[in-house]
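Peer 1: kindly return the folded structure for what I paste below:
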Amino acid sequence: MIGALLRVPATAIHRKLIRELRASGFEDLSPPHIAVIQYPGPDGMRPSALAERAAMSKQAMNQLLKTLEGMGYITRSVASDAAGGTVVNFTDRGRAAYQKMADILLDIEREWAEELGEKRFHELKRLLGELWDTPLIR
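Peer 2: Predicted coordinates for the structure are as follows:
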């Protein structure tokens, strides 16, 4: 049951993000793109790390990155470190979408705090933060 209790709000957040991003001029974004644009953003990350974070194959992530690059949200370039390889970075458009997502998420937090009450909402965030910091979810 905990899976559903966490999944349902996460799905609602994703739906609202996409709906409001599209209404704000980012009409070409769709739910799979959130896997790349999500916090903490892709800047400086390798495609393989993004794929792992999103729980998808490297091939699927590379296809997603190719699409986002074509739409002007990210660039891929050779890493400047000795290991080489590819790193992903936001473009100005990608940073604008990321900032809009942050604004939308703050609105969601305000709405949920109003619905649950400030004290209960902050307790929920505190508890989820504690889980975040445990090896249970890594």
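
Peer 1: which residues does residue 21 contact?
Peer 2: 29, 97, 100, 101, 104 (Cβ atoms under 8 Å, 6 or more residues apart in numbering). Bear in mind the C-beta positions are built from the backbone N, C-alpha and C, glycine included.

Peer 1: do that again at 6 Å, thanks
Peer 2: 29, 100 (Cβ atoms under 6 Å, 6 or more residues apart in numbering).

Peer 1: quick check: which element contains it?
Peer 2: When elements are assigned from DSSP states H and E, residue 21 belongs to helix 2-23.

Peer 1: which of the residues in that helix are buried?
Peer 2: Using 16 or more other Cβ atoms under 10 Å as the burial criterion, the residues of helix 2-23 that qualify are 17, 18, 20, 21.

Peer 1: same question for the next helix or strand after that helix, mean pLDDT?
Peer 2: Proceeding N to C from helix 2-23, the next assigned helix or strand is helix 34-37, under DSSP H and E. For helix 34-37, mean pLDDT is 93.

Peer 1: now helix 34-37 - C-alpha only, PDB.
Peer 2: The C-alpha coordinates for helix 34-37 follow below in PDB (Å, rounded to 0.1, in the frame of the first residue of the first chain):
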ATOM      1  CA  ILE A  34      10.800  14.900 -16.600                       C
ATOM      2  CA  ALA A  35      13.300  12.100 -16.100                       C
ATOM      3  CA  VAL A  36      16.000  14.400 -17.400                       C
ATOM      4  CA  ILE A  37      14.800  17.800 -16.300                       C
END
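
Peer 1: would it be right to say that residue 100 lies in a helix?
Peer 2: Yes - under DSSP: H, G, I helix; E, B strand; the rest coil, residue 100 sits within a helix.

Peer 1: center of this protein, which residue is that?
Peer 2: residue 38 (1.3 Å; Cα atoms, centre = their mean).

Peer 1: not counting its neighbours along the chain, what's nearest it?
Peer 2: In space, and not counting its chain neighbours, residue 38 is closest to residue 101: 7.7 Å by Cβ to Cβ, 6 or more residues apart in numbering.
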